[in-house]
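[1] Give me a model of this one.
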Amino acid sequence: MHEHAAPADAATVFAGPSLAEFEAAREVVSRAADPTPMESSRYLAEVLGHPVSLKCENLQRTGSYKIRGAYNRMARLSDEERARGVVAASAGNHAQGVAFAARELGIKATIFMPVGVALPKLQATRAYGAEVVLSGHTVDQPLRAAAEFAASTGAVLIPPFDHYDVVMGQGTLGLEILDQVPDVATIVVPIGGGGLIAGIASAVKQRAAAEGKRIKVIGVQAENAAPYPLSLERGEPVDIEITPTIADGIAVSKPGALNFEIVRQAVDDVVTVDDDEIAKALLVLIERAKLVVEPAGAVGVAAILSGKIDATGPTVAVLSGGNIDPLMLERIVSHGLAASERYLKLRIPLPDRPGQLARTAEIVAEQNANVVEVLHTRHGGGLQISQVELELHIETRGPEHAERVLAALRSAGYSPRSV
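    Residues are numbered from 1 along each chain as shown. I've put the predicted structure just below:
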């Protein structure tokens, strides 16, 4: 964790936009972005010990907050710049935000995306009217291709987070939060490059200081892609090596320079969550809040559920986006069920004689658990000639129920092992 004193002086000047600029951007952004709902969560309030509200940017046009910064940046282009068109590189939400904003403003957009980009994101970006160029297999390669395209054609490069106008646009979300939850004391925000939290923290802290209030802003990064804690510790943006994470929307290896300066001044704490915690949060949002949220958008809820948020009073968690491939959602829900010990995967060596499969299924049924998949093989490693191996996928109601199923199988003489 990283913690430092948050500014409380109304005279504090951050590296980014002024409160007046955020207010002006709000008028501009309202032409393209909708005010999104604020939903209260009794379940999360019980976990945290304070009222919790969910800021639903997953329900925003294009499915994420990115439209705010992209539109604000592009609305400020001159006629001559608009005539040259815009270019961006993204594997997801930024691409859709730029494409949508370009369509609204009548600007030609070219978006570079990696070859393996999820089909729904590719289709949505094209549907908004952008020309999509597939380039490379990581986000770095489209970024280089977009920069080269801008240099050779004169198109204006629209950065995803590290730009004054982008930060200004994202900060309009902070003003919305203050209007919807006037007594908010803590705001929890996902962090990738830092554009969203820089905008929210700057706008919120400036408004709060002017009104004599104190509001805590806490950032959350995915454990496998968390350059901010180390960067804040060293006092400068640090480039780290990221490892795979389901929260690909915030998998950024280095903070933006402008973003970092604002975060350093205005953000109270930065915490990290792992993929299991994110998967559990996604499951809670589906089951308890009836909200579909992408992994990057669920990290704030993950931090609340895992006890990593030191909140003071009413708390708002920003759900930054909802653009998730249904196939990925299926995998993450299964992972979340397993991480919550509601989905057991067992391997059981059995004597190779009739009735053994029926007997194990009967034991599971007696414990009111549900077998959803069965694999029966004679070819498992370490099996004796007279044995077979049974793989059972079982739905349970949680850790205690899962343990009862295992205990029942063991007491019947079987040796189940979780996989």
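
[2] Quick one: residues contacting the spatially most central residue of the chain.
    The structure's the chain has its C-alpha centroid closest to residue 296; by Cα atoms, centre = their mean the separation is 1.1 Å. Taking Cβ atoms under 8 Å, 6 or more residues apart in numbering, we find residue 296 in contact with 190, 192, 222, 247-250, 320-321. For every residue, glycine as well, the C-beta is placed using N, CA and C.

[3] Specify the local secondary structure of residue 32.
    coil (DSSP: H, G, I helix; E, B strand; the rest coil).

[4] How about it: what's its closest non-neighbour residue?
    Nearest residue to residue 32 in three dimensions, chain neighbours excluded: residue 71, at 4.2 Å (Cβ to Cβ, 6 or more residues apart in numbering).

[5] pLDDT wise, what is that neighbour at?
    Confidence at residue 71, expressed as pLDDT, is 97.

[6] ok, it to residue 189 distance?
    20 Å (Cβ to Cβ, to the nearest Å).

[7] Just the element for residue 409, please.
    With elements taken from DSSP states H and E, the one containing residue 409 is helix 399-411.

[8] Which neighbouring elements make contact with the helix or strand just after that helix?
    Using DSSP H and E, the helix or strand that follows helix 399-411 in sequence is strand 417-418. When contacts are defined as 3 or more Cβ pairs under 8 Å, 6 or more residues apart in numbering; DSSP states H and E, strand 417-418 sits against strand 343-351.

[9] by contact count, what packs against the strand it packs on?
    Secondary elements touching strand 343-351 (3+ Cβ pairs under 8 Å, 6+ apart): helix 326-339, helix 356-366, strand 387-395, helix 399-411, strand 417-418.

[10] ok, back up a step: against residue 355, how distant is the residue nearest to the centre of the chain?
    49 Å.

[11] Also residue 67?
    61 Å.

[12] mind listing the helices for the stretch 201-350 of the chain?
    Here the stretch 201-350 of the chain has its helices, by DSSP state H, counting those that start in this stretch, at 227-234, 257-266, 275-284, 299-305, 326-339.

[13] Comparing these, which yields the minimum mean pLDDT?
    helix 326-339 (a mean of 83).

[14] ok, and what's touching that one?
    Contacts of helix 326-339 (Cβ under 8 Å, 6+ apart): 118, 120, 246, 275-277, 279-280, 282-283, 286, 292, 295, 324, 343, 345, 395.

[15] Can you get me the start-to-end distance on stretch 83-99?
    One end of stretch 83-99 sits 15 Å from the other (Cα to Cα, to the nearest Å).

[16] do the same with stretch 210-224
    37 Å.

[17] Just the buried positions in that stretch, please.
    213, 215-224 (16 or more other Cβ atoms under 10 Å).

[18] Which ones among those residues map onto strands?
    216-222 (DSSP state E).

[19] want to throw these into TSV with pLDDT and distance to residue 29?
    Below are those laid out as TSV (pLDDT from 0 to 100; distance: Cβ to Cβ, whole Å):
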residue	pLDDT	distance to residue 29
216	97	25
217	97	20
218	97	24
219	98	22
220	98	24
221	97	25
222	96	27
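
[20] from these, which is closest to residue 230?
    Closest approach to residue 230 among those (Cβ to Cβ): residue 221, at 10.4 Å.
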